[in-house]
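S.K.: Need a 3D model of the following:
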Amino acid sequence: MGTSQAIALGGYGAVFWLWLAALVGMITKYSEIVLAIKYRERDDKGDWVGGPMYYISKGLGKNWKWLAVLFAVFATLASFGIGNMSQVNSITGSVIGAVTAFTAISAQTELILKWVLGIGLAVLIAVILLGGIKRIGSVTEMLIPFMSIFYILFTLIVVIVNIGSLGDAFVKIFSTAFTPQAMFGASTGIVLKQTIIWGLRRSAFSNEAGLGSAAIAHAAADTKGPVQQGLYGIFEVFADTIVICTLTAMTIIVSGIDIGFGTKPGSELITAALATVFGEKFAALFVAVALMLFAFSTVLGWSLYGTRCVQYLFGSKGVRAFQVIFIVVVVVGCVSPLSFVWDVADTFNGLMAIPNFIGLFALSGVVAAETKKYFGDKSNLQ
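M.R.: Numbering: from 1, shown residues only. Alright, predicted model coming up:
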């Protein structure tokens, strides 16, 4: 859905900037993970904890602890945006889209459906977070690889069916990357600044490179060393953005659907693109199921990120209060307007990236040293 918004609000050229950001993001995410592993520590339960707040405070010293605290605060707030409201809002939008593909519903019925979905998702997440029941989350994580394969397959089919338009799609992307008005004209209001911003925004949303959030999860990994784990980060950015986002963009562009530039879409663009080959009902159902799995897994992941940040700030005593608020925000995200939800997510994404980038820049020498040490050992290359 992030790719859909990049195209609709930034034009075709936003895809170019999304790619560019992903290439930089591979280096950024690699650095984050290397530092997260190097400076991680055990908590009072014996679990590995780490992330920007730890590598900033331990790597830069006590005088920089304020920056680590700042990151933890911003990341906690971001967990309610990118990790909660935007995800459950996507689920709600896709489910409503699936329902309307089969039957027309009134505005009142749509609102009731949003509340029902919001309360249902909140209860489900509460069962996992507060009840300690991990089975639902584990099943979701098991299903995601299969859903990803199906998503790649279906988007590839749409691209192959419209293979004659593929070359034109690349022309549109590259010809409008620096001069968007050359194609759209002034009437859409799309200017170069918007093209760049929306490409960068949605790249960060898809792979989280630069935000520092993924480093929190990687810090808990059972790994031999920082560089070995950091290499997984490079692959993650490649898979999320270069592969998945590119396929989404190409599917939307070559399908020839009306994009409606200047308006912020939900899941309707990729649904409409898939519908050109698979039919409206199947496309709506598939997108709804896929988004539910992807988004629900993301919500669970960000609940962990937020928990770790709260734990860093207040200790274990603050975790339960955070989890309760996190569950309540699920309902808010489901019933709130789409534009409000994404504005909140983008704002906190930017805020948490600032202290993280300062830490990455200051500790770049450490990353270089760890990398040189790893690749300098010939036994690691055998």
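S.K.: where does the stretch 151-300 of the chain have low pLDDT?
M.R.: Applying pLDDT under 70 to the stretch 151-300 of the chain flags residues 180-190.
S.K.: Quick one: the helices in it, in order.
M.R.: Secondary structure of the stretch 151-300 of the chain (DSSP state H, counting those that start in this stretch): helices located at 166-175, 181-184, 192-207, 213-218, 226-237, 246-255, 268-278, 280-314.
S.K.: Return the most buried member of those.
M.R.: helix 213-218 (a mean of 26; mean count of other C-beta atoms under 10 Å). Glycine gets a C-beta too; all of them are placed from N, C-alpha and C.
S.K.: circling back: just tell me which of the helices of the stretch 151-300 of the chain ends up closest to residue 34.
M.R.: Taking C-beta to C-beta, helix 226-237 is the member of these nearest to residue 34, at 4.1 Å.
S.K.: Just the CA coordinates for the closest one, please, in CSV.
M.R.: What follows is helix 226-237, C-alpha atoms only, in CSV (Å, rounded to 0.1, in the frame of the first residue of the first chain):
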residue,chain,number,x,y,z
PRO,A,226,27.5,-8.6,14.3
VAL,A,227,28.4,-8.8,10.6
GLN,A,228,26.8,-12.2,10.0
GLN,A,229,23.5,-10.8,11.3
GLY,A,230,23.9,-7.5,9.5
LEU,A,231,24.0,-9.2,6.2
TYR,A,232,20.4,-10.4,6.8
GLY,A,233,19.5,-6.7,7.0
ILE,A,234,20.8,-6.1,3.4
PHE,A,235,18.6,-9.0,2.2
GLU,A,236,15.6,-7.7,4.0
VAL,A,237,15.7,-4.3,2.3
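S.K.: for it, packing partners?
M.R.: helix 14-38, helix 213-218, helix 364-376 (3 or more C-beta pairs under 8 Å, 6 or more residues apart in numbering; DSSP states H and E).
S.K.: Going by contacts, tell me the helices and strands next to the next helix or strand after the longest one.
M.R.: I take that to be helix 14-38. Toward the C-terminus, helix 14-38 is succeeded by strand 41-42 as the next helix or strand (DSSP states H and E). With contacts taken as 3+ C-beta pairs under 8 Å, 6+ apart, strand 41-42 sits against strand 48-49.
S.K.: Quick one: residues in contact with the helix or strand just after the strand it packs on.
M.R.: Following strand 48-49 in sequence order, the next helix or strand is helix 52-60 (DSSP H and E). For helix 52-60, the external contacting residues (C-beta atoms under 8 Å, 6 or more residues apart in numbering) are 32, 35-36, 38-41, 64-65, 67-69, 71-72, 75, 212, 215-216, 219, 309, 312, 355-356, 358-359, 362-363, 366.
S.K.: Now list the buried members of those residues.
M.R.: 32, 35-36, 38-40, 64, 67-69, 71-72, 75, 212, 215-216, 219, 309, 312, 355-356, 358-359, 363, 366 (16 or more other C-beta atoms under 10 Å).
S.K.: Turn the helices of the stretch 151-300 of the chain into CSV, columns for distance to residue 55.
M.R.: Below are those laid out as CSV (distance: least, C-beta to C-beta, whole Å):
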stretch, distance to residue 55
helix 166-175, 36
helix 181-184, 43
helix 192-207, 19
helix 213-218, 8
helix 226-237, 10
helix 246-255, 31
helix 268-278, 36
helix 280-314, 12
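S.K.: what's the closest of those to residue 323?
M.R.: Short answer: helix 280-314, nearest of those by C-beta to C-beta, at 7.0 Å.
S.K.: now the following helix or strand past that closest one: how far from the chain's centre is it?
M.R.: Note on helix 280-314: by DSSP H and E, the next helix or strand toward the C-terminus is helix 319-335. In terms of C-alpha atoms, centre = their mean, to the nearest Å, the centre of helix 319-335 is found 19 Å from the chain centre.
S.K.: list the helices and strands the helix or strand just after helix 319-335 packs on?
M.R.: Sequence-wise, the next helix or strand downstream of helix 319-335 (DSSP H and E) is helix 338-362. Using 3+ C-beta pairs under 8 Å, 6+ apart, the elements in contact with helix 338-362 are helix 14-38, helix 52-60, helix 65-80, helix 86-102, helix 192-207.
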